[in-house]
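Chemist: can you look at this prediction? I've put the sequence above it.
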Amino acid sequence: MKESIVQKKSFQFSLHIISLYKDLQIEKEFIVSRQLLRSGTSIGANIEEALAGQSKKDFAAKMAISSKEAREIKYWLRLLKESELTLLYVNSLILEIDELIKILTSIVKTSQKKN
């Protein structure tokens, strides 16, 4: 099966979050880094589950969870950006998650209309 755009983008985003997590660990920032890692990687994991959903309702529910996780990580990234822990590439991650949020929102709205 061909990989979808949202699947590819969420996977790449997860890789970027893992890099950010490693950088934050070096800076001895453990609390926010764990939250970022958890919510940032769960977006793609839920998308993978959605794509293997057993029904349209299951698909929509998993995509909705991905959308919520994307919004959560945006919060953590904004918090990081405003703190003294700001790393140079946080702004690009915020742009990246904004794009994922738009895609996920569209998918969720479309799939909910079909149900």
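Modeler: Happy to help now that I have it. Residues are numbered from 1 along each chain as shown.
Chemist: so which bits of the helix or strand encompassing V32 are buried?
Modeler: Assigned by DSSP states H and E, V32 belongs to helix 31-51. By 16 or more other C-beta atoms under 10 Å, the buried positions in helix 31-51 come out as 32-33, 35-37, 39-47, 49-50. All C-beta spots, glycine's among them, are computed from the backbone N, C-alpha and C.
Chemist: do stretch 19-32 as well
Modeler: Buried residues in stretch 19-32, counted by 16+ other C-beta under 10 Å: 20-21, 24, 29, 32.
Chemist: distance between the ends of it?
Modeler: Distance across stretch 19-32, first residue to last, is 14 Å (C-alpha to C-alpha, to the nearest Å).
Chemist: and that stretch, what's its mean pLDDT?
Modeler: Confidence over stretch 19-32, taken as the mean pLDDT, stands at 91.
Chemist: quick one: contacts of that stretch?
Modeler: Applying C-beta atoms under 8 Å, 6 or more residues apart in numbering, the contact partners of stretch 19-32 are 33-34, 36-37, 40, 76, 79-80, 83, 85, 87, 89-90, 93.
Chemist: what's near enough to touch H16?
Modeler: H16 neighbours (C-beta under 8 Å, 6+ apart): 40, 89, 93, 96.
Chemist: now with 10 Å?
Modeler: 40, 89, 92-93, 96-97 (C-beta atoms under 10 Å, 6 or more residues apart in numbering).
Chemist: next one: it from I97, what distance?
Modeler: With distances taken as C-beta to C-beta, to the nearest Å, H16 is found 10 Å from I97.
Chemist: and for these two, which residues touch both?
Modeler: With C-beta under 10 Å, 6+ apart as the test, H16 and I97 both reach G40.
Chemist: how distant is the top helix by length along the chain from the center of its chain?
Modeler: With DSSP state H setting the assignment, residue counts place helix 56-82 as the longest helix in the chain. Here helix 56-82 is found 6 Å from its chain centre; the criterion is C-alpha atoms, centre = their mean, to the nearest Å.
Chemist: now swap in stretch 54-66 and tell me
Modeler: Put simply, stretch 54-66 sits 16 Å off its chain's centre (C-alpha atoms, centre = their mean).
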